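S.K.: following is a predicted model, sequence given first.
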Amino acid sequence: MGRKRSIYLADLTHNGLVLSSNVFPLSIGLIAAYLLQQRPGQADLQLFKYPEDFSQALETQAPDIVGFANYSWNFQLGYQYARLIKKLWPKTIVVFGGPNYGLEAEEVQEFWKAYPDIDFNIVREGEQAFVELFDALQESDFDADAIRRNRTPLPNCHYQVDGELICGPDLPRLDLDGLPSPYLMGLMDKFFDENLIPMIHTTRGCPFKCAFCTEGAAYYNIVEQRMHSLEEELHYVASRVRGPRDLFISDANFGMFKPDIEKARILAECQKRYDFPKYIHVSTGKNQKERVIEIAQMLDGASSWRRRCSRPIRRCSSTSSVQTSPWTS
């Protein structure tokens, strides 16, 4: 085994007068936790939400991999960093991943033409895909050009070689109960401040096929449930929260499935013991209205119920840039 590889994962937020995204970076936490579980001792991982913290870390060393969570609201922020990272350290591997990526071939081609400083883009579920990419980079001594020359197909991963798009095969969906909790591993401790709101997930996928939502794709039509370690995780969060007494649940259809009753029981227990969460932001499904009402009653009116929200699938046209010295364009 070679040296530990330095990996920075960033789910950045614009932070002017207000935070444009004020929730914990759950997505990169899940990626980090899974990599540490599957490849123990092989990576030194750091997670980032605030641009100033990310800039400070970049001043100390050049990481082997920098990964960016790609949403419509933070893509340009992340990409400005990616451009400068590639300018200063061409060998650093830049990886993007998230729902803000085209679904049609024309959109995908435009993406790679417009953003050449990205080495690899993870599509669909990212945990196992990032491990597979990490393994391929290890085998090539972290030479991304070698992977490109060989046109190595990487599961759930896209990259471009001389204008040719290389798309790896789809990975099977993950069993959520097999995923470790980034909270219980201590990876999210740094985000318990007075501004950010914890986010959890208890399901992944959606049975509906709405065209405006990434989870409407056939790949996500089977809903995976998570119960393992959920009670321990919620108590961990509730006992440490310092900022708003809110909780975000990223499920697409909370309250529609039978296991959601048990999840609501755990949440109600946390409310009594910790006075948290006072407000729960979650999207509910179209079906099983009686169960949704029952859960709302169990949570004593704490829930801010919404209809299912769309998951962004189009690229942001914003031209905003990084506002942190010395990493300002």
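M.R.: Looks like it arrived, so ask away.

S.K.: contacts for the helix or strand containing I266?
M.R.: Using DSSP states H and E, I266 falls within helix 259-274. For helix 259-274, contacts defined as CB atoms under 8 Å, 6 or more residues apart in numbering pick out 202, 225, 227, 230-231, 234-235, 238-239, 241, 247, 254-255, 276-278, 280, 291, 294-295, 298-300, 302. The C-beta positions use only the backbone N, C-alpha and C, and glycine is treated the same way.

S.K.: could you list every helix and strand in contact with whatever helix or strand comes next after that helix?
M.R.: With elements assigned by DSSP H and E, the helix or strand that comes after helix 259-274 is strand 279-284. Other elements packing on strand 279-284 under the criterion 3 or more CB pairs under 8 Å, 6 or more residues apart in numbering; DSSP states H and E are strand 246-249, strand 303-307.

S.K.: please repeat the previous calculation with a cut-off of 10 Å.
M.R.: Where contact means 3 or more CB pairs under 10 Å, 6 or more residues apart in numbering; DSSP states H and E, strand 279-284 is packed against strand 246-249, helix 259-274, helix 289-298, strand 303-307.

S.K.: buried sites along the helix holding I266?
M.R.: Neighbour-count burial for helix 259-274 flags 260, 263-264, 266-268, 270-271, 274 (criterion: 16 or more other CB atoms under 10 Å).

S.K.: what do you get for stretch 281-295?
M.R.: For stretch 281-295, by 16+ other CB under 10 Å, it's 281-285, 288, 291-292, 295.

S.K.: cool, and stretch 147-158?
M.R.: So stretch 147-158, judged by 16+ other CB under 10 Å, has buried residues 147-148, 154-158.

S.K.: out of those residues, which sit inside strands?
M.R.: Filtering the buried residues of stretch 147-158 for membership in strands, criterion DSSP state E, returns 157-158.

S.K.: can I get the buried residues of stretch 147-158 in CSV with pLDDT?
M.R.: Listed next are those as CSV, based on pLDDT from 0 to 100:
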residue, pLDDT
I147, 96
R148, 94
L154, 97
P155, 97
N156, 97
C157, 97
H158, 97
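
S.K.: mind putting the buried residues of stretch 147-158 into TSV with distance to A105?
M.R.: Listed next are the buried residues of stretch 147-158 as TSV, based on distance: CB to CB, whole Å:
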residue	distance to A105
I147	22
R148	20
L154	19
P155	19
N156	17
C157	17
H158	11
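
S.K.: name the nearest of the buried residues of stretch 147-158 relative to S140.
M.R.: Lowest distance from S140 to those (CB to CB) belongs to I147, with 5.6 Å.
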